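[1] this one's sequence-less:
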């Protein structure tokens, strides 16, 4: 059965690139996109997803708000947060911050295709 992924970012270019990257990882992924937390919650309520990839810093409600809402609605959904504002010294530090946000993992922008692929595959296979 194909996995579904909801990608949330306020920048359309990021949504398009991530959609292309996710399709390259596995063409069977069903990919949804949202430009805001509100749109993401609406889409998620209509179509539960196996994985949500969300930017943290967005105008209005933030990725932190989305993560809190998703944990209330669907605690089993995997969440990969993205941020360009952090300067992590190690993967362990990034993991610690992700856990403190209740995300399953974190991806620092800019990132390489293989970093995204590794994290997505790991989260969807656990």
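    Yep, that arrived. Since the structure is predicted, the reported quantities are computational estimates derived from the model, not experimental observations. Numbers count the residues shown, from 1 in each chain.
[2] C-alpha from now on. contacts and neighbour counts both.
    Will do.
[3] okay, and the beta partners of the spatially most central residue of the chain?
    By Cα atoms, centre = their mean, the chain has its centre lying nearest to residue 53, at 1.0 Å. Judged by DSSP bridges, the bridge partners of residue 53 are residue 7, residue 80.
[4] could you do residue 108 as well?
    The residues listed as beta-bridge partners of residue 108 by DSSP bridges are residue 83.
[5] adjust the sequence numbering to begin at 525 for everything that follows.
    In the new count, where the first residue is 525, that last one comes out as residue 632.
[6] going along the chain, name the strands of this protein.
    Counting by DSSP state E, residue ranges of the strands within the chain are 528-532, 554-558, 575-579, 602-607, 629-632.
[7] could you dump those strands into a markdown table with distance to residue 590 and mean pLDDT added?
    Putting the strands of the chain into a markdown table (distance: least, Cα to Cα, whole Å; pLDDT from 0 to 100) gives the following:
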| stretch | distance to residue 590 | mean pLDDT |
| --- | --- | --- |
| strand 528-532 | 9 | 98 |
| strand 554-558 | 12 | 97 |
| strand 575-579 | 8 | 95 |
| strand 602-607 | 10 | 92 |
| strand 629-632 | 14 | 87 |
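[8] highest mean neighbour count out of those?
    Highest mean neighbour count among these (mean count of other Cα atoms under 10 Å): strand 575-579, with a mean of 26.
[9] what's the distance between residue 639 and residue 606?
    Here residue 639 is placed at a distance of 12 Å from residue 606 (Cα to Cα, to the nearest Å).
[10] could you do residue 570 as well?
    Residue 570 sits 23 Å away from residue 606, taking Cα to Cα as the criterion.
[11] give me the number of residues near residue 628?
    By the other Cα atoms under 10 Å criterion, the neighbourhood of residue 628 contains 19 residues.
[12] nearest spatial neighbour of residue 628, skipping sequence neighbours?
    Leaving aside its sequence neighbours, residue 628 sits nearest to residue 603 (Cα to Cα, 6 or more residues apart in numbering; 5.3 Å).
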